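K.L.:
Got a predicted structure plus its sequence, pasted below:
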Amino acid sequence: MKRRHLPPVLLLLLLSLLSLSFRRRLLLPPSRPPPIGDPLLRRLAADDGVGTRQILAEAAALMANASISTFPSLGNHHRLLYLRLPFSPSPRAPPRPRTVARLRVPADKLPPDGDLLAAFRNSLSSFLAARRRIPIRSNAAAVMADLTATTGRRFPTCAVVGNSGVLLGSGHGAQIDTHDLIIRLNNARIAGFAIDVGVKTSISFVNSNILHICAARNAVTHAACGCHPYGGEIPMAMYICQPAHLLDALICNATATASSPFPILVTDARLDALCARIAKYYSLRRFVSVTGEPASNWTRKHDEKYFHYSSGMQAVVMALAVCDEVSLFGFGKVDGAKHHYHTNQKKELDLHDYEAEYEFYADLQERPEMVPFLDGFKPPPVRVHR
Ligand SMILES: *[C@@H]1O[C@H](CO)[C@@H](O)[C@H](O)[C@H]1NC(C)=O
Ligand SMILES: *[C@@H]1O[C@H](CO)[C@@H](O)[C@H](O)[C@H]1NC(C)=O
Ligand SMILES: *[C@@H]1O[C@H](CO)[C@@H](O)[C@H](O)[C@H]1NC(C)=O
C-alpha cells in the first residue's frame, strides 16, 4: 500500500471500530448488571492481599519442606510429636529446624511418621489446589449453590447463634431450639445457659485454632481430641486459619472411635474468598465513614496480614446458602454487656472488625440488594434478634 493511502485507510478502520462498539452498546443489552457497591471499595476489597498470600506460602513451605517425628515419652504411655520446618535466620546462615507444632499424641493410634507426613502433604496439596483455582471474578451464585452439598440439604428455618454477651438474660433459648438448623460458634459452652442460648445444635462452626487447642489438650486423653462438645455426631465446619492445623485434623481423626467419631467439614475455599471480600468491603466502608480518611489508608488501622472475617460471619454466609429463612441471635453489642456470654474476655480481638460485620447483617436484614459480591445470588430473609 502506498504511504499516502494510509491515513484514509486508518480513518476508515477507526470509524468502523467506533460504530461497531456504538452499535454493540445500543443494540445488545448489557451482559451483566453493574456490580453492587462502591467501585473503589470493591476493587480494594477484592484484593485478598497479604494475608492470603502468607497462608498460601505457609502451606507451600510445609508441603515442600516439613518433617514429622515422634519420640516416646513418659514410659511409653504417649509420644511427643514435632512438626518442623527448616528456617534460615539470615540469607547466608544454614537453615535450622524450627518447631511449628509440638503435640502429645497417643503411643499407638497414629500411623507411622512417614505415613502421617504423606497424609499431611495430601491435605496441604488439596488445600493449595482449591485456593489456587479461585477465579478473580468469583461466581457467588455457584459457590452458594454448592454449599447445599456440604449440609446435605436445604432447611426451612435456621438460627446462627453468636456468642455475644447480649444473650445473657435474653430468654431466647426456647425460640432458638425451634429452628430446623442451629449453628453455634467456636464450641461455645451451652451448659448452664439453656434459657438464653438453647440446647440443640446441628453444626458447630469453628476456626481451626479451636481444633488445635483441642488437639494440644486432649489428643492423648480423649477420642477425636474431645472437640465435639455438642455430641460426637454433630459435625464441625471449620475454616483453616493456619495450614499446620490440617495436621491436627489428621491426628484427631486418627484417635476417633465408633462412639466418638470425628465428623468435620473444611470450608470451601471459594466461600472463604467470598467472606474475605465482604468483610473487607464493610470494614473499608466503615473506616471511610468513621475517619473521613481515604480508603487506601485502611491499612493504618487494620493489619492486612492478620485481618480476617469472624467465624460468626462465615457461618451467617453459609446459612444464607442453605436456609429459606435465617435468624441471628447473639450478634451485636450493648454497653455493659460482656463480649462473650460464656467467657470473661473483655476485649474484642483486633483481627476482626465486628462493627463492620454488624453493618453487613443490618444490610442483609434491611437492604439485601445492596450487599456487594453476592452478585447473582439472592439472599433469603434475615432477621437479627436483639
Ligand atoms: C524448601 O526449602 C528450600 C531449602 O531451604 C528452600 O530453598 C525452598 O524455598 C523451600 N520451599 C518452599 C516452598 O518454601
Ligand atoms: C479418618 O479416619 C478413617 C479411619 O479411621 C479414615 O477412613 C478416613 O479417611 C479419615 N479421614 C480423614 C479426613 O483423614
Ligand atoms: C493517610 O495516611 C497517611 C499516613 O500513612 C497520613 O499521613 C495521611 O494524613 C492520611 N490521610 C488522611 C486524609 O488522613
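P.N.:
Everything's here; your move. The structure displayed is predicted, hence computed values, not measured ones. Ligands and ions are numbered 1, 2, ... in the order given.

K.L.:
What is the three-state secondary structure of the residue of the stretch 151-300 of the chain found nearest ligand 1?
P.N.:
At 11.8 Å from ligand 1, Pro243 is the closest residue in the stretch 151-300 of the chain, using C-beta to the nearest ligand atom. Quick note: C-beta positions are derived from backbone N, CA and C, even for glycine. The three-state label given to Pro243 by DSSP: H, G, I helix; E, B strand; the rest coil is coil.

K.L.:
what do you get for Pro261?
P.N.:
Strictly by three-state DSSP, Pro261 counts as coil.

K.L.:
tell me which residues in stretch 76-89 are buried?
P.N.:
For stretch 76-89, the neighbour count (16 or more other C-beta atoms under 10 Å) marks His78, Arg79, Leu81, Tyr82, Leu83, Arg84, Leu85 as buried.

K.L.:
In this structure the fourth one contacts Arg98, no?
P.N.:
Read that as Tyr82. No: here Tyr82 lies out of contact with Arg98, judged by C-beta atoms under 8 Å, at a distance of 10.2 Å.

K.L.:
Which positions in the stretch 201-350 of the chain make contact with ligand 3?
P.N.:
Taking C-beta under 6 Å from any ligand atom as the contact definition, the stretch 201-350 of the chain meets ligand 3 at Glu293, Pro294, Asn297, Arg300.

K.L.:
Now do the phi/psi pair for the third one.
P.N.:
The phi and psi torsions at Asn297 (degrees, to the nearest 10) take the values phi -90, psi 0.

K.L.:
pLDDT below threshold where in the stretch 201-350 of the chain?
P.N.:
Applying pLDDT under 70 to the stretch 201-350 of the chain flags the ranges 334-338, 343-350.

K.L.:
Please enumerate the helices of it.
P.N.:
208-218, 245-254, 269-291, 298-301, 311-322 (DSSP state H, counting those that start in this stretch).

K.L.:
Quick one: distance of the third one to the chain centre.
P.N.:
Looking back up the chat, that one is helix 269-291. 13 Å (C-alpha atoms, centre = their mean, to the nearest Å).

K.L.:
Could you do the last one as well?
P.N.:
Helix 311-322 sits 10 Å away from the centroid of its parent chain (C-alpha atoms, centre = their mean).

K.L.:
dump the residue contacts of Ile264.
P.N.:
Contact analysis of Ile264 by C-beta atoms under 8 Å, 6 or more residues apart in numbering lists Leu211, Pro235, Met236, Ala237, Met238, Ala249, Asn253.

K.L.:
want to throw the residues you listed into a markdown table with distance to Gly312 and neighbour count?
P.N.:
Compiled in a markdown table, the contacts of Ile264 are given as follows (distance: C-beta to C-beta, whole Å; neighbours: other C-beta atoms under 10 Å):
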| residue | distance to Gly312 | neighbour count |
| --- | --- | --- |
| Leu211 | 17 | 24 |
| Pro235 | 17 | 20 |
| Met236 | 15 | 26 |
| Ala237 | 12 | 23 |
| Met238 | 14 | 23 |
| Ala249 | 21 | 24 |
| Asn253 | 26 | 15 |
